[in-house]
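> Below is the structure, and that's it, no one-letter string:
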Ligand code: ADP
Ligand code: ADP
């Protein structure tokens with residue numbers, strides 16, 4: 001079984017633009033996987049489809065063996081999504097941002113408390129739990145996005161440019177945290193503009209351009225070639 005298996009995935013938006021032209025992709029369980037490509041390549045479209053936020057036009061998507069169409073509830077509960085833009089309620093406290101997400105997943109209150117603490121500690125935000133989230137630094141807000149995405153223990157964490165705009169020191173500390181999450185068994189798919197980020201974190205990589213996968217490789221094999 002694969003963490004993610006995609007066959008002949010196509011997406012044409014309502015205006016007629018074909019954003020995905022038949023994508024095939026497999027991600028192994030436990031992998032730390034990079035999805036790279038220039039702006040407009042189709043990364044967000046793909047991530048949107050995998051997370052059930054965007055409807056696909058055709059093709060098959062399986063998440064840990066759950067078909068996105070036939071078994072949507074199970075497929076969805078396997079996924080934790082960290083979108084690019086900060087989209088939590090910034091008037092909530094840090095802890096409540098995570099607890100509200102737990103509520104959304106129907107996690108019982110007591111378990112939610114335990115999970116929220118675990119995820120906030122993992123992202124080094126536990127000391128900030130009672131702060132209003134609006135007051136967090138940019139890097140902390142990004143880490144809160146990750147903590148929130150993990151509260152239901154997703155088996156696949158999708159990080160869309162998780163360190164965009166964060167300075168290098170904070171970025172490095174975030175790499176450490178993401179690696180810890182991966183080491184605990186969570187499969188991670190990451191999109192990034194920082195090549196060195198993909199290089200230091202990811203074992204496998206796919207490059208997408210113009211709605212097509214143009215390269216699939218192990219990271220070390222790719223680095224040896226260029
Ligand atoms: P779907 O085919 O999944 O229903 P739509 O074609 O209805 O998607 O578009 C969804 C939303 O994306 C619309 O609200 C639209 O305004 C917005 N949108 C349109 N064009 C673009 C674009 N080039 N990039 C990003 N978003 C866009
Ligand atoms: P990336 O994440 O790699 O930058 P996207 O998946 O956001 O790429 O976009 C791929 C292409 O699809 C772009 O040309 C974008 O303008 C277009 N696109 C994205 N969303 C929509 C939409 N809702 N309607 C029409 N075109 C869209």
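All right, it came through fine. Predicted, not measured: the structure shown is a model, and the values here were computed from it. Ligands and ions are numbered 1, 2, ... in the order given.
> CA only for contacts and neighbour counts going forward, please
Noted.
> Tell me the residues of the protein that contact ligand 1?
13-15, 54-55 (C-alpha under 6 Å from any ligand atom).
> Go again with 8 Å.
Residues of the chain found near ligand 1 (C-alpha under 8 Å from any ligand atom) are 11-15, 54-56.
> So which residues of the protein form helices?
43-50, 72-77, 94-104, 109-122, 138-149, 168-183, 195-201, 219-225 (DSSP state H).
> got a list of what the most centrally placed residue in the chain touches?
Closest to where the C-alpha atoms of the chain average out (C-alpha atoms, centre = their mean) is residue 158, at 1.3 Å. Residues near residue 158 by C-alpha atoms under 8 Å, 6 or more residues apart in numbering: 47, 79-82, 188-190.
> who's it bridged to?
residue 81, residue 189 (DSSP bridges).
> Next one: the spatially closest residue to residue 60 that is not a sequence neighbour from ligand 1, what distance?
Distance criterion C-alpha to C-alpha, 6 or more residues apart in numbering; nearest residue to residue 60, sequence neighbours excluded, is residue 7 at 5.1 Å. According to C-alpha to the nearest ligand atom, to the nearest Å, residue 7 stands 19 Å off from ligand 1.
> how many neighbours does residue 7 have?
Neighbour count for residue 7, taken as other C-alpha atoms under 10 Å: 15.
> wait, doesn't it sit right on residue 61?
Yes: counting by C-alpha atoms under 8 Å, residue 7 touches residue 61, with 6.5 Å between them.
> Got a quick ChimeraX command for the buried subset of the contacts of residue 158?
Here is the ChimeraX selection string for the buried members of the contacts of residue 158, based on 16 or more other C-alpha atoms under 10 Å:
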select :47,79,80,81,82,188,189,190
